[in-house]
Structures are given as structure tokens and as C-alpha cells.
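Chemist: just coords:
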């Protein structure tokens, strides 16, 4: 990095202004994309999903609370996993403080995983989180939203993830984020879901790493984000990696 181009303040400012033009263009395009996302048609949720939650059985509609919008993070945590996905855990570290602010924009936030509720509650205590986390172990929610897969489907190349079939996926659980809307009559609609690299939009740490000199610095890693650890395991070289084969 020491051989990077070094220029005068005047030359730096000129180069920065040129880059600013592209950044402004990107912002305008992003605004257009955001509007197109909101303009997507909706699909009515026909199933009565019931989750295991800290308050007992909780329906999808009940997860909204007294708000009309619901964001669900699909957290990778299989029924027999000893710990949640380290990358999903980092994402949860980032969205944990947002729940209170989202409530004041008519939006609730909930996390859904297939692990049993007792396992989720224990892990939640370990991580120091307070957001709503429910288990979909006893319903088809994860399967219907394509974030859980059987090993047989993965081996056969028939698993569907990120709107594609046959993708190679290293685990039987996948990450994602979905939004829902509840109408005045109680009907619930699925309005948006994103998976794969689309989740980078919700990983605020990348917004910071993308402005530093080394950037994400992941090129030499076995896979992107291989550096991530559970926040209480950065000094532990024996962390559990759900992506490991």
C-alpha cells in the first residue's frame, strides 16, 4: 500500500470531485431502484404461519404488533446447530439497535430461524440481544421462503435460493430478509425478499470498510467474510463455522 499515488491537495481535490460525480449518479440510480422495489406487486400470504415465540404461539400477523409493516430477517440457525451463523450474528449485532427506531416508522422487526426456541433464547442471551426471535421449526415458513433446504435437494442440485434453482449452497440453511404489509382488514402481504449479495445492503459494516484504503480485503480469503467471528469469539480460533464442510 505504500506505493499508492500521492498528490498535492489541489490534485487530490480534483480527483475527489470527479469521483463525486459518479457517486451522485449512483445515488440517483439507487433512488430509482428503491422506488422500483416499493412499486413491486404484492402477493397475499395464504398460509396461517404460527411460530414458537417467547410469548407462546405467535402468528405471522401477531409479529407486526400494532404496526402495518414487518421486516423479517431469516437467520441461519439449523435445528441441530450448536450456534447461529457467525455472519448472520454480525448482521444481528448491527440491526439490534434499530428495532426501536423502526417502530417509530410503523415497522416491526423480527428474526426467524428453524432452531428450537430454547436454543434461540440461550444464544440470544449469550449475544446480549433483545429483538423478537421466533422459531419456525414447526411450520413451513423457511421452506416456503427458500431459506431452508434438505441435504438431498442440495446434493441433487434442485434447491432454490435467490430465485434460482440448482445453486451450490454450503449449508442447509440460508440467510435472507423479507418484508410484509398488514392491511386494515388483517390480510398479510409479502412485499419483498432479498438473498445472497442483496443482503450487503443491510450490512452497515461494509459501508465503512468500503471507504478505507484496504477496503474489504477479502480477496485472499477462502470465501468472502471468512474473517467474521461471533463477537465474543474473535480471539478464539476454534469458532463454529456453519459454512465449513
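Modeler: Done, it's in. In this text the structure is predicted, and so the values were computed from the model without any measurement. Numbers count the residues shown, from 1 in each chain.
Chemist: Let me know the secondary structure of residue 110.
Modeler: Per DSSP: H, G, I helix; E, B strand; the rest coil, the local secondary structure of residue 110 is strand.
Chemist: tell me the contacts of it?
Modeler: Taking CB atoms under 8 Å, 6 or more residues apart in numbering, we find residue 110 in contact with 63, 70-73, 131-134. (Each C-beta comes from the backbone N, C-alpha and C, glycine too.)
Chemist: Filter these down to the buried ones and express that as a PyMOL selection.
Modeler: Listed next is the PyMOL selection for buried residues among the contacts of residue 110, using 16 or more other CB atoms under 10 Å:
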select buried, resi 63+70+71+72+73+131+132+133+134
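Chemist: Might you list the low-confidence residue ranges for the protein?
Modeler: 1-2, 236-245 (pLDDT under 70).
Chemist: Okay, strands next: where are they in it?
Modeler: Using DSSP state E, the strands of the chain run over residues 43-44, 50-53, 56-59, 69-74, 107-113, 132-135, 160-161, 164-165, 176-182, 188-195.
Chemist: out of those strands, which comes closest to residue 23?
Modeler: Closest of those to residue 23 is strand 188-195, at 22.8 Å (criterion: CB to CB).
Chemist: so which of the strands of the chain gets nearest residue 154?
Modeler: Closest to residue 154 of those is strand 160-161 (CB to CB; 9.6 Å).
Chemist: same for the closest one, what does it pack against?
Modeler: Based on contacts counted as 3 or more CB pairs under 8 Å, 6 or more residues apart in numbering; DSSP states H and E, there is no element that strand 160-161 packs against.
Chemist: Adjust the sequence numbering to begin at 209 for everything that follows.
Modeler: Will do, 209 is the new start, and the previous item becomes strand 368-369.
Chemist: Can you tell me the strand partners of that strand and which way each runs?
Modeler: The strands that strand 368-369 pairs with in its sheet are strand 372-373 (antiparallel) (by DSSP bridges).
Chemist: what's the partner strand in contact with?
Modeler: 365-367.
Chemist: follow-up on the earlier one: kindly reformat the strands of the chain as CSV containing distance to residue 300.
Modeler: Output for the strands of the chain, formatted as CSV (distance: least, CB to CB, whole Å):
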stretch, distance to residue 300
strand 251-252, 27
strand 258-261, 16
strand 264-267, 19
strand 277-282, 7
strand 315-321, 7
strand 340-343, 9
strand 368-369, 20
strand 372-373, 26
strand 384-390, 12
strand 396-403, 16
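Chemist: hang on, the earlier thing: using CSV, lay out the contacts of residue 318 together with distance to residue 409.
Modeler: As requested, those are exported to CSV (distance: CB to CB, whole Å):
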residue, distance to residue 409
271, 22
278, 18
279, 12
280, 15
281, 12
339, 19
340, 21
341, 21
342, 24
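Chemist: Let me know the closest of the contacts of residue 318 to residue 353.
Modeler: residue 280 (8.4 Å).
Chemist: Quick check: chain neighbours aside, which residue is closest to that closest one?
Modeler: Closest residue to residue 280 apart from its sequence neighbours, by CB to CB, 6 or more residues apart in numbering: residue 386 at 4.9 Å.
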